[in-house]
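In: Give me a model of this one.
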Amino acid sequence: MRASSRTAIALAALICCAAPPAALGQSYPVAGDTLEVVSLNRERLLSESAFGRAMIGSLSDQQQALVIENQRLTEELETEERALTETRKTMSAEEFRPLAEAFDEKVKQVRAAQDGKAVDLAKAREAARFSFFRRIEPVIIEIMQSRGARVLLNNQAVLLSTDDVDITAAVLARLDALFAQGALAVE
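Out: Modelled structure (predicted):
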């Protein structure tokens with residue numbers, strides 16, 4: 001090995017040992033310190049709290065009813081289309097055309113009506129979600145303050161944390177207690 005290579009290696013070792021990285025001198029929170037950042041799983045609050053299930057439950061029932069209605073309408077239209085296809089065999093093209101056009105128009109109207117119902121239901125679901133999160137905000141803030149937290153992160157944005165950073169379970173417990181007491185009610 002050449003002398004310049006040995007000198008470079010020795011110099012690198014000296015720099016590493018003589019000047020430790022700045023991170024080694026920093027202090028990190030330890031048990032008993034206040035956590036200023038907490039995280040929360042909003043979807044769990046909605047799906048696992050009694051209050052969230054109550055708010056979304058009626059909309060889920062409406063969604064299921066719409067699915068069943070769509071299936072029924074599809075079956076009815078398919079039956080009507082098969083009958084129309086059989087009728088076609090006994091008619092001229094000129095006689096059949098108005099029937100086919102009327103059926104096509106009916107299908108378009110049914111589809112537009114069902115799409116409208118689906119859009120309205122999606123809007124109602126989004127409004128319920130918004131209302132849910134607005135109404136539970138004071139509970140979240142209360143738990144944040146009790147932990148000395150000043151920042152709340154969506155836990156899906158957190159790459160790594162200790163268990164005590166996630167306040168979802170504490171918020172769930174508080175929401176369920178308030179709901180059971182009647183302090184939170186579905187509007």
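In: pretty sure residue 131 is touching residue 186, no?
Out: No: with contact defined as Cβ atoms under 8 Å, residue 131 does not reach residue 186; the gap is 9.6 Å. All C-beta spots, glycine's among them, are computed from the backbone N, C-alpha and C.
In: Return every residue with contacts to both of the two.
Out: Common neighbours of residue 131 and residue 186, using Cβ atoms under 8 Å, 6 or more residues apart in numbering, are residue 55.
In: name the helices or strands packed onto the helix or strand where residue 123 lies?
Out: In this structure, residue 123 is located in helix 93-146 according to DSSP states H and E. With contacts taken as 3 or more Cβ pairs under 8 Å, 6 or more residues apart in numbering; DSSP states H and E, helix 93-146 sits against strand 37-40, helix 42-48, helix 50-88, helix 168-181.
In: For the first one, report the contacting residues that lie outside it.
Out: Outside strand 37-40, the residues within contact range by Cβ under 8 Å, 6+ apart are 140, 143-144, 147, 149-155, 157-158, 161, 165-168, 171.
In: how about that strand: buried residues?
Out: Of all the residues in strand 37-40, those buried under the rule 16 or more other Cβ atoms under 10 Å are 38-40.
In: per-residue pLDDT, the residue nearest the centre of the chain?
Out: In the chain, the residue lying closest to the centroid (Cα atoms, centre = their mean) is residue 43, at 5.2 Å. At residue 43, the pLDDT value in this model is 93.
In: now residue 5
Out: What the model reports as pLDDT for residue 5 is 52.
In: ditto for residue 18
Out: Confidence at residue 18, expressed as pLDDT, is 49.
In: Check residue 95 too.
Out: On the pLDDT scale, residue 95 is placed at 90.
In: Quick one: find the helix or strand in the protein with the lowest mean pLDDT.
Out: helix 3-18 (a mean of 49; mean pLDDT, DSSP states H and E).
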